[in-house]
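**Q** I'll drop the sequence and a predicted model, then ask my questions.
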Amino acid sequence: MLDYANITMYRENNRIEAKKAAGGLPQSIWETYSAFANTIGGVILLGVEELRGHALRPIALADPEGMIAEFWAIVNDPKRVSVNILTPGDVQIHEQDGGRFISIAVPRAHRYDRPVYIDGNPLTGTYRRNGEGDYRCKADEVQAMMRDAAMRTQDMQVLGDFGMDAMCMASVRAYRERLAALRPGHALLASGDEDFLYRIGAAGRGEDGAAHPTGGGLLMFGYEYEIARRYPGYFLDYRARMGGDGRITSRLSSSSGDWSGNLFDFYARVRGSWAGDEALSGDGGVLAALCEALANSLINADYDGRGGVTVERAKDGVTISNPGGFRIGMEDAKAGGVSDPRNAALMKMFNLIRVGERAGSGIPSIFAAWKARGWKEPVLRETLSPERTSLTLSFEPAQAVEQEDGARLGLAALLDTEAVLGLLTGRIEATAGELAAALAMDERRVRRILCALEAGGLVSARGDGPARRYRLYR
């Protein structure tokens, strides 16, 4: 929540957009409304100008009530704006130094409402927000949002163009053996293979009355070359870099041609690699958290997207990345209790063999496991164009935060954080040293602020040590 009584302490950034609006409601407000709704939300300030040094200053709006009335009329017009996601309390008038300005708090839109677009055309009127402002989305970004908006997930679709011979039956048998070991006597085990696949959601009846794989069944048990016919961007890649020089010491790729290349076998092989890793297998809680993270990535990947699922194992941690953004807010994902899988059929299949959490507690359990061991907090990121989600799990100890005196807490801490964000808004990227010099701040404090912003998903970074460069989250 912004301190509107002290608006001058803020700077424009990913979540704050100031518009002078001296001549009335600006047309660009709708692009920003769409951008905030389709990204992580934000606040639009009307009657606030950005000065040359990026500081914000309110001006006196002549008729804020009339401007708000015009805003509500347009945002409720489906020909101008696809959906109104605001409540009356999201739009307010504030006073400062005798002048009045307007704040419009735009939340992240629910996936059922995305894409939020303007002027009646999602392909030309859908926007998103990055460190450089609002940008018009490409067709593939819009299509990804439309896929996510569907009530019935894509992996439930019966693929009538594929026969059951697209499925690797060795994978199906291995899955059944795992189910039998975990749940002896389960009713599903009495079924024949085809009926078994039908019952777990991996197959269905097509318009011809014959059995065909579902999207989830093909992904879970299919041969890679068959999966790639339906999902051209499909790719699974596990890389271990355990040497001192950073080179790949072992690799598992779905396109290698010497194994099935499907999700079930990929999960089993990566899990087996971790189980045989002395650094990981000695702590069952860590191994369980890593497997939960891997399953979460496979279940929530957008296989119609680009880039594939990648897993990087290094000496100091693991990074798992998949195509597709969050279907719920990042903070909701961290808090847990909300389950909205991108691939519900895959979730059911993994859950049957006790892999993955259905109740939305997977991410919180991973964070809890890392906190219990005193390691750095996991870093959960969502990037755009193309959409990707990544989770970095470090095995390094968390750095103790130095105790600060009371004068540095409260408003002063907020001011310093906003100053760092404000300076990054005007730069493509910078090191902690460069930011500290420009802001006349202690470099250790700037590093702590950047670490917190990176953990919160507002800032991304590349490189290591003093040369590590930061930029606004995008």
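**A** Perfect, I can see it now.
**Q** Only C-alpha atoms from now on, for both contacts and neighbour counts.
**A** Will do.
**Q** Mind listing what's buried along the lengthiest helix in the chain?
**A** What stands out as the longest helix in the chain, according to DSSP state H, is helix 284-300. Neighbour-count burial for helix 284-300, with 16 or more other Cα atoms under 10 Å as criterion, is recorded at 285-300.
**Q** Just say helix, strand or coil for V318.
**A** strand (DSSP: H, G, I helix; E, B strand; the rest coil).
**Q** burial measure for it, as a count.
**A** Counted with other Cα atoms under 10 Å, residues neighbouring V318 total 19.
**Q** thought it was touching L393?
**A** Yes. Using Cα atoms under 8 Å, V318 is in contact with L393, at 5.2 Å.
**Q** residues contacting the spatially closest residue to P323 that is not a sequence neighbour?
**A** The shortest distance from P323 to any non-neighbouring residue, by Cα to Cα, 6 or more residues apart in numbering, is to R388 (4.4 Å). By Cα atoms under 8 Å, 6 or more residues apart in numbering, the contact list for R388 reads S321, N322, P323, G324, G325, E382.
**Q** rerun at 10 Å
**A** Neighbouring residues of R388 by Cα atoms under 10 Å, 6 or more residues apart in numbering: 301-302, 305-309, 321-326, 381-382.
**Q** Check E396 too.
**A** E396 touches K315, D316, G317, W370, R373, G374, W375, K376, E377, counting by Cα under 10 Å, 6+ apart.
**Q** now it: how far from S390?
**A** 18 Å (Cα to Cα, to the nearest Å).
**Q** just G233 next, same as before
**A** Using Cα to Cα, G233 is found at 17 Å from S390.
**Q** ditto for A467
**A** Remark: distance between A467 and S390 (Cα to Cα) = 23 Å.
**Q** re earlier: what's the residue nearest to P323 sitting at in phi/psi?
**A** phi -150, psi 150 (degrees, to the nearest 10).
**Q** Kindly state the beta-bridge partners for it.
**A** Note on R388: beta-bridge partners P323, T383, judged by DSSP bridges.
**Q** What segments of the stretch 1-150 of the chain are helices?
**A** 29-38, 64-75, 122-125, 139-149 (DSSP state H, counting those that start in this stretch).
**Q** For stretch 175-194, C-alpha coordinates in PDB please.
**A** Listed next in PDB are the C-alpha coordinates belonging to stretch 175-194 (Å, rounded to 0.1, in the frame of the first residue of the first chain):
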ATOM      1  CA  TYR A 175       3.800 -46.400 -13.700                       C
ATOM      2  CA  ARG A 176       1.500 -49.200 -12.800                       C
ATOM      3  CA  GLU A 177       4.300 -50.900 -10.800                       C
ATOM      4  CA  ARG A 178       4.900 -47.700  -8.900                       C
ATOM      5  CA  LEU A 179       1.200 -47.400  -8.100                       C
ATOM      6  CA  ALA A 180       1.100 -51.100  -7.000                       C
ATOM      7  CA  ALA A 181       4.100 -50.500  -4.700                       C
ATOM      8  CA  LEU A 182       2.600 -47.400  -3.100                       C
ATOM      9  CA  ARG A 183      -1.000 -48.500  -3.100                       C
ATOM     10  CA  PRO A 184      -1.300 -52.300  -3.000                       C
ATOM     11  CA  GLY A 185      -4.700 -53.600  -4.100                       C
ATOM     12  CA  HIS A 186      -5.800 -50.300  -5.600                       C
ATOM     13  CA  ALA A 187      -8.900 -50.900  -7.700                       C
ATOM     14  CA  LEU A 188      -7.300 -49.400 -10.800                       C
ATOM     15  CA  LEU A 189      -4.700 -52.100 -10.900                       C
ATOM     16  CA  ALA A 190      -7.400 -54.700 -11.800                       C
ATOM     17  CA  SER A 191      -8.000 -52.900 -15.200                       C
ATOM     18  CA  GLY A 192      -6.300 -53.800 -18.500                       C
ATOM     19  CA  ASP A 193      -3.900 -51.200 -19.800                       C
ATOM     20  CA  GLU A 194      -6.300 -49.400 -22.100                       C
END
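**Q** Which residues does it contact?
**A** So stretch 175-194 is contacted by 164, 169-174, 195-200, 202-204, 211-213, 220-221, 264-265, 268, 349-350, 352-354 (Cα under 10 Å, 6+ apart).
**Q** Only the buried residues of it, if you could.
**A** Applying a neighbour-count criterion of 16+ other Cα under 10 Å, one finds Y175, R176, L179, L188, E194 buried in stretch 175-194.
**Q** Could you list the low-pLDDT ranges of the stretch 151-300 of the chain?
**A** 151 (pLDDT under 70).
**Q** which stretches of it form strands?
**A** 203-205, 211-213, 236-241, 250-253 (DSSP state E, counting those that start in this stretch).
**Q** Point out the most buried one among those.
**A** strand 211-213 (a mean of 27; mean count of other Cα atoms under 10 Å).
**Q** Please verify my assumption that C291 contacts R269.
**A** No. With contact defined as Cα atoms under 10 Å, C291 does not reach R269; the gap is 11.2 Å.
**Q** any residues in contact with both of V318 and L393?
**A** Shared contacts of V318 and L393, defined by Cα under 10 Å, 6+ apart, comprise L290, A293, P378.
**Q** And for L219, the neighbour number?
**A** Count around L219 with other Cα under 10 Å applied: 27.
**Q** for the stretch 1-150 of the chain, what spans make up the strands?
**A** Using DSSP E, counting those that start in this stretch, strands in the stretch 1-150 of the chain cover 16-19, 42-46, 48-50, 56-58, 91-96, 99-106, 127-130, 133-136.
**Q** For A430, find the nearest of those.
**A** Evaluated over the strands of the stretch 1-150 of the chain, closeness to A430 peaks at strand 127-130, with 16.5 Å, by Cα to Cα.
**Q** Render the CA-only coordinates of the closest one in PDB, please.
**A** Output of strand 127-130 as PDB, limited to C-alpha atoms (Å, rounded to 0.1, in the frame of the first residue of the first chain):
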ATOM      1  CA  TYR A 127      -0.700  -5.000 -23.000                       C
ATOM      2  CA  ARG A 128       1.800  -6.000 -20.300                       C
ATOM      3  CA  ARG A 129       4.200  -4.200 -18.000                       C
ATOM      4  CA  ASN A 130       8.000  -4.400 -17.900                       C
END
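**Q** For it, name the packing helices and strands.
**A** Helices and strands touching strand 127-130, by 3 or more Cα pairs under 10 Å, 6 or more residues apart in numbering; DSSP states H and E, are helix 29-38, strand 133-136, helix 139-149.
**Q** rewinding a little: report the two of the buried residues of stretch 175-194 separated the most.
**A** Applying Cα to Cα across the buried residues of stretch 175-194, the maximum distance is between L179 and E194, 16.0 Å.
**Q** Identify the bridge partners of the closest residue to F162 other than its chain neighbours.
**A** Closest residue in space to F162, ignoring its immediate chain neighbours: H212 at 6.1 Å, by Cα to Cα, 6+ apart. For H212, the beta-bridge partners under DSSP bridges are G204.
**Q** if I pick H212, what's in contact with it?
**A** 157-167, 194, 197-198, 202-206, 218.
**Q** Now do the buried residues in stretch 223-238.
**A** 223-228, 230-231, 233-238.
**Q** Just flag the most distant two among those residues.
**A** R230 and Y238 (22.0 Å).
**Q** what about dumping the CA coordinates of the helix or strand containing N351 to CSV?
**A** N351 is part of helix 344-352, with elements assigned from DSSP states H and E. Output in CSV follows, covering the C-alpha atoms of helix 344-352 (Å, rounded to 0.1, in the frame of the first residue of the first chain):
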residue,chain,number,x,y,z
ALA,A,344,-5.3,-31.0,-14.2
ALA,A,345,-5.0,-34.4,-15.9
LEU,A,346,-1.3,-34.5,-15.3
MET,A,347,-1.8,-33.5,-11.6
LYS,A,348,-4.2,-36.4,-11.2
MET,A,349,-1.8,-38.9,-12.7
PHE,A,350,1.1,-37.7,-10.5
ASN,A,351,-1.0,-37.5,-7.4
LEU,A,352,-2.0,-41.2,-7.9
